[in-house]
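> Any chance you could fold what I've pasted below:
(one chain, ligands or ions: 1)
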Amino acid sequence: MNYRHHFHAGNFADVIKHALVVRLVAALQRKEKGFLYLDTHAGRGSYDLTTAEQGDSLARTPEWPAGVGRLWSAAGLPDLLADYVAIIRRHDQQQGNLTGEPRFYPGSPVLVAALLRPQDRMALCERHSDECAALRANMGLSPRCVVQAMDGYVAIRAMLPPVEKRALVLIDPPYEAEHEFADIVRGVKEGLARLPGAVIAIWYPFTKRARVDAFFNQLRALDLPPTAVAELAVAGEFSALKMRGCGVVIINPPWQFEAEAAPALTNLANILAQEPGATGRYWWLVPER
Ligand SMILES: C[S@@+](CC[C@H](N)C(=O)[O-])C[C@H]1O[C@@H](n2cnc3c(N)ncnc32)[C@H](O)[C@@H]1O
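Down below sits the predicted model:
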């Protein structure tokens with residue numbers, strides 16, 4: 001396992017994923033009853049962007065300026081994006097940044113922790129021991145949060161269904177392994193067998209398009225409940241960028257999620273474009289019946 005998220009923290013992929021997760025949490029909180037947030041691939045929880053350019057042995061170009069950096073002071077953002085930026089800014093200030101540029105960026109666990117109500121809980125899985133130790137330190141002690149150094153796919157089996165019978169599951173793997181898509185499909189199948197109403201968000205990159213198409217076909221074959229896809233391409237189809245876009249598959253999206261997400265994706269494509277051909281799109285893999 002070589003992947004370290006801090007090289008990528010705050011990039012365009014984090015922006016779309018985190019902005020959508022903030023909205024999904026808000027949608028689940030429309031009901032008074034609590035829910036479990038399960039983060040299967042949690043990372044370390046908080047990132048110092050000033051270290052993003054220091055690799056283990058290589059100097060790296062930081063990715064956040066073309067991501068959260070472009071939204072930091074943007075005016076006229078739709079609510080979905082403005083709410084996300086407000087949370088990121090609050091975290092950055094609370095961590096002590098006094099400069100005008102972003103410095104401290106929250107990972108998905110810290111972002112969601114800022115939103116949880118007393119009746120909500122979170123379970124965070126991070127298999128890498130150093131990252132998990134950092135995550136524990138970043139989350140502190142809370143009776144509502146468990147951190148496990150375990151495989152996120154095993155956690156789906158172990159932690160669903162929760163006592164609340166409501167869950168938001170974020171599956172955000174590094175895609176280093178060839179079998180990652182197969183693991184996700186198996187995890188989704190097992191998760192839905194245990195909790196058919198679970199809201200499951202799966203982040204994926206646009207790298208080799210054919211593999212994503214195969215992934216979609218495998219998901220379709222599961223006889224899924226309504227499932228939407230939120231996509232963001234920062235460059236056109238023939239771009240030489242290593243990752244020209246990404247998406248989030250949302251199983252059981254909350255009612256009327258599309259009405260807010262679709263225009264926000266178009267907005268994001270305009271703001272985060274790196275080359276001609278940037279697009280944002282919300283479409284249904286399995287339509288609502
Ligand atoms: C993309 S990062 C997660 C970022 C995080 N969700 C966020 O948005 O801030 C993926 C993380 O998954 C961890 N990881 C890789 N395979 C895992 C597995 N099978 N189970 C749990 N964690 C895993 C990696 O160490 C890495 O920290």
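> Identify the residues contacting stretch 27-40?
Outside stretch 27-40, the residues that touch it by CB atoms under 8 Å, 6 or more residues apart in numbering are 25, 108-109, 112, 115-117, 119-125, 152-153, 155-156, 159-160, 162, 164, 166-173, 187, 199, 254-255, 257. In short, each C-beta sits where N, CA and C put it, glycine included.
> Filter these down to the buried ones.
Buried members of these, scored by 16 or more other CB atoms under 10 Å, are 25, 108-109, 112, 115-116, 120-125, 152-153, 155-156, 159-160, 162, 166-173, 187, 199, 254, 257.
> follow-up on the earlier one: run through the contacts of stretch 27-40 and flag the ones next to the ligand.
108, 125, 152, 153, 172, 173 (CB under 6 Å from any ligand atom).
> Among those residues, name the ones in helices.
108, 152, 153 (DSSP state H).
> Any chance of the residues you listed in CSV with pLDDT as columns?
CSV is the format used below for these (pLDDT from 0 to 100):
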residue, pLDDT
108, 98
152, 98
153, 98
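> which among the residues you listed gets closest to residue 263?
residue 108 (23.3 Å; CB to CB).
> where does the stretch 51-200 of the chain come near the ligand, residue by residue?
So the stretch 51-200 of the chain meets the ligand at 107-108, 125-128, 131, 151-153, 172-174 (CB under 6 Å from any ligand atom).
> Tell me which residue of the stretch 51-200 of the chain lies closest to the ligand.
In the stretch 51-200 of the chain, no residue comes nearer to the ligand than residue 107, which is 2.8 Å away by CB to the nearest ligand atom.
> So residue 77 versus residue 257, what's the distance?
Using CB to CB, to the nearest Å, we find residue 77 at a distance of 18 Å from residue 257.
> quick one: low-confidence ranges for the stretch 1-150 of the chain?
Residues of the stretch 1-150 of the chain meeting the criterion pLDDT under 70: 1-3, 52-59.
> do the same with the stretch 151-289 of the chain
Across the stretch 151-289 of the chain (using pLDDT under 70), the flagged ranges come out as 208-210.
> Strands of that one, residue ranges please.
167-171, 199-206, 227-233, 245-251, 279-286 (DSSP state E, counting those that start in this stretch).
> possible to save the ones you listed as a markdown table with distance to residue 239?
As requested, these are arranged in a markdown table below (distance: least, CB to CB, whole Å):
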| stretch | distance to residue 239 |
| --- | --- |
| strand 167-171 | 26 |
| strand 199-206 | 10 |
| strand 227-233 | 8 |
| strand 245-251 | 9 |
| strand 279-286 | 12 |
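> And the ones you listed: which comes nearest residue 16?
strand 227-233 (4.7 Å).
> List every C-alpha atom in that closest one, with coordinates, as CSV.
Extracted C-alpha coordinates of strand 227-233, given in CSV (Å, rounded to 0.1, in the frame of the first residue of the first chain):
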residue,chain,number,x,y,z
THR,A,227,-28.8,4.7,-8.2
ALA,A,228,-27.4,8.0,-9.5
VAL,A,229,-24.0,9.0,-10.8
ALA,A,230,-22.5,12.5,-10.2
GLU,A,231,-19.6,13.1,-12.6
LEU,A,232,-17.0,15.8,-13.0
ALA,A,233,-14.5,15.9,-15.9
